[in-house]
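[1] Just to be clear, the model below is a prediction. Sequence and coordinates:
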Amino acid sequence: MLKHKICVVTGTRADYGLLRPLMNEIKKDQELQLQIIATGMHLSPEFGLTYREIEEDAFTIDKKIEMLLSSDTPVGITKSIGLAIIGFADALHQLQPDLLILLGDRYEILAAAQAALIAKIPIAHIAGGDTTEGAFDEAIRHSITKMSHIHFVTNEKAFQRVKQLGENPRFIYNVGSTAIDSIINIVPMDRSELEKALQFKFLQKNLLITFHPVTLECQASGRQFNELLKALHDLGSEIGLIFTKPNADPEGREIIRLIDDFVSSHSNAVTYTSLGQKLYFSLIKYVDAVVGNSSSGIYEVPSFKKPTVNIGDRQKGRLMASSVINCTPEKSEIEKAIREAFVKDCSDTVNPYGDGNSSAKIIQIIKSIDDYKSLLKKHFFEII
């Protein structure tokens, strides 16, 4: 029996963490053949060459697509997208997958969708229908939805939005987030083991901080991040600060420079280019709050029953758990929100993104479809 070739694209440490449980399910299924394309930040020394984590997890990467220029300007990013489209055109022609699985809303994923559309390769899109009003990811996400044929959304509101975009409800499935699958399957390190791995001694209070560029606000990322740094400085040296580096987006290098400068002058602060999922989840378990504007604070942190301080508009519009504290990107408001997080009781928090069984649901749905090519011709679904 011929196996269906299911190709998964991953471009960052973050989306790999979300895709890994699904990739494991595909790999062990007797009726499916896993193909992997690694691209984007995975192949960049500047961002930690994280493709090696994929290989360490005993996966075979079928194609590596180099695309990132050493520039985070709008012109540089746009040229990187062009390189990615060329790379995906070649890779998809050679691999000839039956179905392409894409997750999220990054520009390298848009490039994969464009190449697959022209190559007449059906697309299954994970996490469409969400909203993030502060980033150009919003437009990218909805664009990928329109190029996709099967939609695995994470919540009911997202289901309705994908339907509003004219997609047939028959092919929209609310499966929750694979992030919760990962959390359930990972055994976190104990505190002393984690301190040794990080070469960092936890203090009385500790914060895990990830701040990504705000791509729809001109020259705003550095200014907003400076407000956060001022708040962290004023909180005092008795609070441990653990920074992770941002995505390869416009103004990302400015944030990296500010992090490095801050850490060099604050003995209570450390920074890491890429932690990997086990270290990252272990950190969430032991810190007092997660601070920044990353989707991880919305999707994953609530499962640990820890507070998230969500700064600014980058995640505005997403479904949020009761553990999320929103604040404006101003020093006084950030400091106020962090102090609130230190005393917030999150013991009753319920993560609204599912039950940790998303990957199995996706596999079941993929296998229930006999002919993926039959999905290529789509009718616009009218809402009457």
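    Great, that's in hand.
[2] so residue 13 sits right up against residue 53, yeah?
    Yes. If you go by CB atoms under 8 Å, residue 13 and residue 53 touch, sitting 7.1 Å apart. In this view, the C-beta of every residue, glycine as well, is placed from N, C-alpha and C.
[3] shared neighbours of the two, anything?
    274, 276 (CB atoms under 8 Å, 6 or more residues apart in numbering).
[4] and the two? which has more neighbours close in?
    Legend: neighbour count by other CB atoms under 10 Å for residue 13 and residue 53, higher for residue 13 (25 against 19).
[5] now the more buried one, nearest residue through space, not along the chain?
    residue 50 (4.6 Å; CB to CB, 6 or more residues apart in numbering).
[6] Touching the helix or strand bottoming out on mean pLDDT in the chain from outside, list them.
    Each helix and strand of the chain was given a mean pLDDT (mean pLDDT, DSSP states H and E); the minimum falls on helix 178-185 at a mean of 91. Applying CB under 8 Å, 6+ apart, the contact partners of helix 178-185 are 17-22, 126, 277, 281, 296, 299-300, 303-304, 351, 353-359, 362.
[7] Keep only those of these that are in strands.
    Per DSSP state E, strands hold the following members of the contacts of helix 178-185: residue 126.
[8] Show the buried residues in the contacts of helix 178-185.
    Among the contacts of helix 178-185, those scoring as buried are 17-22, 126, 277, 281, 296, 299-300, 303-304, 351, 353-354, 356, 358-359, 362 (criterion: 16 or more other CB atoms under 10 Å).
[9] any weak-confidence spans in the stretch 201-350 of the chain?
    Counting by pLDDT under 70, the stretch 201-350 of the chain shows low-confidence ranges at 218-219.
[10] If we use 80, what do you get?
    Scanning the stretch 201-350 of the chain for pLDDT under 80 picks out 215-219, 247-250.
[11] mind checking how far the lengthiest helix in the chain is from the chain centre?
    Longest helix in the chain, counting residues (DSSP state H): helix 74-95. Relative to the centre of its chain, helix 74-95 is centred 20 Å away, using CA atoms, centre = their mean, to the nearest Å.
[12] Can you pull out the residues in contact with it?
    5, 7, 35, 37, 39-40, 62-63, 65-71, 100, 107-108, 110-112, 114-116, 118-119, 121, 249-250.
[13] run the last query once more with 7 Å
    Helix 74-95 has contacts (CB atoms under 7 Å, 6 or more residues apart in numbering) with 7, 35, 37, 39, 62-63, 65-69, 107-108, 110-112, 114-116, 119, 121, 250.
[14] List only buried entries from those.
    For those, buried by 16+ other CB under 10 Å: 7, 35, 37, 39, 62-63, 65, 67-69, 107-108, 110-112, 114-116, 121, 250.
[15] need the contact list for residue 13.
    41, 50, 274.
[16] Just among those, which is most surrounded?
    Most surrounded of the contacts of residue 13: other CB under 10 Å gives residue 41, at 29 neighbours.
[17] Check the secondary structure at that one for me.
    helix (DSSP: H, G, I helix; E, B strand; the rest coil).
[18] go on, residue 38?
    Quick answer, by three-state DSSP: residue 38 is strand.
[19] Strands along the stretch 1-150 of the chain, start to end?
    4-10, 32-39, 63-65, 99-103, 123-126, 150-153 (DSSP state E, counting those that start in this stretch).
[20] Any chance of JSON lines for those, columns mean pLDDT?
    Converted to JSON lines, the strands of the stretch 1-150 of the chain look like this (pLDDT from 0 to 100):
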{"stretch": "strand 4-10", "mean pLDDT": "98"}
{"stretch": "strand 32-39", "mean pLDDT": "98"}
{"stretch": "strand 63-65", "mean pLDDT": "98"}
{"stretch": "strand 99-103", "mean pLDDT": "99"}
{"stretch": "strand 123-126", "mean pLDDT": "99"}
{"stretch": "strand 150-153", "mean pLDDT": "99"}
